[in-house]
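Asker: predicted model, plus sequence, below.
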Amino acid sequence: MEGTVAETLQVQCCIAGGGPAGMMLGYLLGRAGVKTLVLEKHADFLRDFRGDTVHPSTLMIMQELGLIEDFLRLPHSEIRAFSVQIGATCLKVADFARISAPYRFVALMPQWDFLNFLAEKGRRFPALQVKMSAQITSLIETEGRVTGVQVATSDDSLEVRANLVVGCDGRGSTVRAASGLVVQDLGSPIDVLWFHLSKRAGDPEQVLGRLAADTMIVTIDRTDYWQCAFVIGKGGIESIQAKGLEAFKAAVAHGARFLSDRVDELKSFDDIKLLSVSVDRLMTWSKPGLLCIGDAAHAMSPVGGVGINLAIQDAVATANLLAVKLKAGTLRDGDLDAVRERRLFPAKVIQGLQVAVHNRVLKPVVSGAEHPLKVPWPLKVLDGNAWLRRWPAQFLGMGVRPEHVQSPDSP
Ligand SMILES: Cc1cc2nc3c(=O)[nH]c(=O)nc-3n(C[C@H](O)[C@H](O)[C@H](O)COP(=O)(O)OP(=O)(O)OC[C@H]3O[C@@H](n4cnc5c(N)ncnc54)[C@H](O)[C@@H]3O)c2cc1C
């Protein structure tokens, strides 16, 4: 009957969103025996917009969970160095082979494979349930405390009651919007156009970023095709469309010359998705009964390709700090802020760098104004010194406060 709730579930922790933060937290809480329900609004994990980078910090977590061998059997490629191309100059900027970490590379793996893997491995935990096609529509609050969520499923509605709701529903988080938690917008002058082009014999080796005076394009090797990210000015999609597809294809060919023989694979603007970029942060990440982590707490730009790993680190820290108390039923509202205290510094450092790159590097490129294209001297120094290239790799790969799994394995 319309307007009635078909089913009510009671769990210890309800996780909103099955992205990297939500699936990792679900896995860890299920592993610790906390009765947990992950709700994901899509029917599967096949979302094209997701980044593909699994950094050494996440590989270390997979090792600590005893999952690494099976994980690395999934199809992936291993990047041991990052390069950027500025104009015609190609510069090596990060060398992962020299970092201090058990796995010294970035695994490039479609994120749906990573999330499916976690979902599959999590099935052995009786305490964990992952429900797909389940979209959280609102929070249930009782006397100022979040006590559950309302959910629309593919064929019905559901009410979930929980001791703790964790918002892991990304940068457009429904949970945080409904919570009234205050968001600090750090601004983003860019959006991204996202599309595929085929890979061909003789293509250059992995160079992630290609910067010209008026274009920035990132090409990600997905084994049999290139996933391309073309950076545009915030809200600039209408003017790109007004100039027409041919002009856009010419800009892509100009930004990454090796793609010029296949830009005709783009048949219409339907082949090109607009991904809105935002960088923001909650002032407080929790209120009674509710916690936000990952992009829901601090939306990340694609710059540096570290948002997934930061979201996973948040999940590990959350489980470390809260799992035992959640399971025992002794969690207090005052315990929740410990997650923000632990994870705010890494989020701030990375977001600060992303905002600096937006404003100093990308804003001039997308502004359309003439400006000289100069290779910054620190990049020249890095390119010329293999020993120094370990430090950007260490920072990108492991982050500033790497988390280790400390939550119990007692399903
Ligand atoms: C264009 C672009 C490219 C990027 N590339 C990279 C990259 O290569 N590497 C990298 O590390 N980072 C990248 N990032 C950043 C990265 O995507 C995020 O930081 C990361 O995905 C955050 O993970 P999360 O789990 O917090 O949120 P998300 O990955 O956004 O996951 C949120 C999940 O919640 C679900 N959901 C949303 N609303 C609801 C609801 N109401 N009910 C139920 N479920 C819901 C969504 O379907 C989704 O599955 C990129 C960002 C952008 C914008």
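Answerer: Now that the structure is in, tell me what you want to look at.

Asker: so which bits of the chain are right by the ligand?
Answerer: Within reach of the ligand by Cβ under 6 Å from any ligand atom, the chain has these residues: 16-22, 39-42, 50-53, 135-136, 168-171, 174, 192, 275, 277, 294-296, 300, 302, 305-309, 311. C-beta here means a position set from N, CA and C on the backbone, and glycine is covered the same way.

Asker: among these, which ones are buried?
Answerer: 16-22, 39-41, 50-53, 135-136, 168-171, 174, 192, 277, 294-296, 300, 302, 305-309, 311 (16 or more other Cβ atoms under 10 Å).

Asker: now intersect these with the helices, please.
Answerer: Helix and strand membership here follows DSSP state H; of these, those in helices are 20, 21, 22, 174, 307, 308, 309, 311.

Asker: widest-spaced pair of those residues?
Answerer: Across those, the longest distance by Cβ to Cβ is 23.7 Å; it joins 174 and 309.

Asker: quick one: the helices in the stretch 101-250 of the chain?
Answerer: Ranges of helices within the stretch 101-250 of the chain are 111-122, 174-179, 237-243, 245-255, based on DSSP state H, counting those that start in this stretch.

Asker: now mean pLDDT too, for these, in a markdown table please.
Answerer: Below are these laid out as a markdown table (pLDDT from 0 to 100):
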| stretch | mean pLDDT |
| --- | --- |
| helix 111-122 | 95 |
| helix 174-179 | 97 |
| helix 237-243 | 93 |
| helix 245-255 | 93 |
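
Asker: just name the most buried of these.
Answerer: Among the helices of the stretch 101-250 of the chain, helix 174-179 has the highest mean neighbour count (mean count of other Cβ atoms under 10 Å), at a mean of 22.

Asker: how close does residue 37 get to the ligand?
Answerer: For residue 37, the distance to the ligand under the criterion Cβ to the nearest ligand atom, to the nearest Å works out to 11 Å.

Asker: okay, that residue: pLDDT?
Answerer: The predicted local confidence for residue 37 comes out at a pLDDT of 98.

Asker: repeat for residue 136
Answerer: Per-residue pLDDT puts residue 136 at 97.

Asker: now swap in residue 50 and tell me
Answerer: 67.

Asker: residues contacting stretch 324-334, please?
Answerer: With contacts defined as Cβ atoms under 8 Å, 6 or more residues apart in numbering, stretch 324-334 is touched by 12-13, 29, 32-34, 145, 163-164, 286-289, 322, 335, 407-408.

Asker: an error on my part: the question was meant for stretch 57-65.
Answerer: Residues beyond stretch 57-65 that count as contacts (Cβ under 8 Å, 6+ apart) turn out to be 24, 27, 31, 68, 71, 101-103, 105, 107, 308-309, 312-313, 316, 397-399, 402-405.

Asker: could you rerun that using 7 Å?
Answerer: Taking Cβ atoms under 7 Å, 6 or more residues apart in numbering as the criterion, the residues outside stretch 57-65 that touch it are 68, 71, 101-103, 107, 309, 312-313, 316, 397-399, 402, 404-405.

Asker: cool, stretch 294-307 as well?
Answerer: Contact with stretch 294-307 is made by 19-21, 51, 53, 55, 167-171, 173, 175-176, 188, 192, 229, 277-282, 285, 310-311, 314, 347, 350-351, 353-354, 357-358, 396, as judged by Cβ under 7 Å, 6+ apart.

Asker: ok now that stretch, how far from the chain's centre?
Answerer: Here stretch 294-307 is found 6 Å from its chain centre; the criterion is Cα atoms, centre = their mean, to the nearest Å.

Asker: pLDDT of it, averaged?
Answerer: Stretch 294-307 comes out with an average pLDDT of 92.

Asker: how long is it from one end to the other?
Answerer: Across its full length, stretch 294-307 reaches 8 Å between end residues, using Cα to Cα, to the nearest Å.

Asker: now do stretch 60-76
Answerer: 16 Å.

Asker: that stretch - what's its average pLDDT?
Answerer: Across stretch 60-76, the per-residue pLDDT values average to 96.

Asker: identify each buried residue in it, please.
Answerer: By neighbour count on 16+ other Cβ under 10 Å, the buried set for stretch 60-76 is 60, 61, 62, 63, 65, 67, 68, 71, 72, 76.

Asker: among those, which two are most distant?
Answerer: 65 and 76 (17.3 Å).

Asker: tell me where the model's unsure across the protein.
Answerer: Along the chain, the parts satisfying pLDDT under 70 run over 1-5, 48-50, 206-207, 369-371.

Asker: so which residue is dead centre in it?
Answerer: Residue closest to the mean C-alpha point of the chain, counted by Cα atoms, centre = their mean, is residue 308 at 3.1 Å.

Asker: skipping its backbone neighbours, what lies nearest that residue in space?
Answerer: Distances taken as Cβ to Cβ, 6 or more residues apart in numbering put residue 20 closest to residue 308, at 4.7 Å, once the chain neighbours are dropped.

Asker: wait, that neighbour sits on residue 310?
Answerer: No: judged on Cβ atoms under 7 Å, residue 20 makes no contact with residue 310 at a distance of 9.0 Å.

Asker: quick one: the strands in the stretch 251-400 of the chain?
Answerer: Applying DSSP state E, counting those that start in this stretch to the stretch 251-400 of the chain gives strands spanning 273-276, 280-282, 286-287, 290-292.

Asker: tell me which of those is the most buried.
Answerer: Using mean count of other Cβ under 10 Å, the stretch among these with the greatest mean number of neighbours is strand 290-292 (a mean of 29).

Asker: check the offset of it from the chain's centre.
Answerer: Using Cα atoms, centre = their mean, the distance between the centre of strand 290-292 and that of its chain works out at 18 Å.

Asker: kindly report the same for stretch 337-356.
Answerer: Centroid separation for stretch 337-356 versus its chain: 14 Å, with Cα atoms, centre = their mean.

Asker: stretch 19-31 too?
Answerer: Its chain's C-alpha centre lies 14 Å from the corresponding centre of stretch 19-31 when counted by Cα atoms, centre = their mean.

Asker: and the closest residue in space to residue 128 that isn't next to it in sequence, how far from residue 410?
Answerer: Spatial nearest neighbour of residue 128, excluding adjacent residues (Cβ to Cβ, 6+ apart): residue 30 at 2.7 Å. The span separating residue 30 from residue 410 equals 11 Å under the rule Cβ to Cβ, to the nearest Å.
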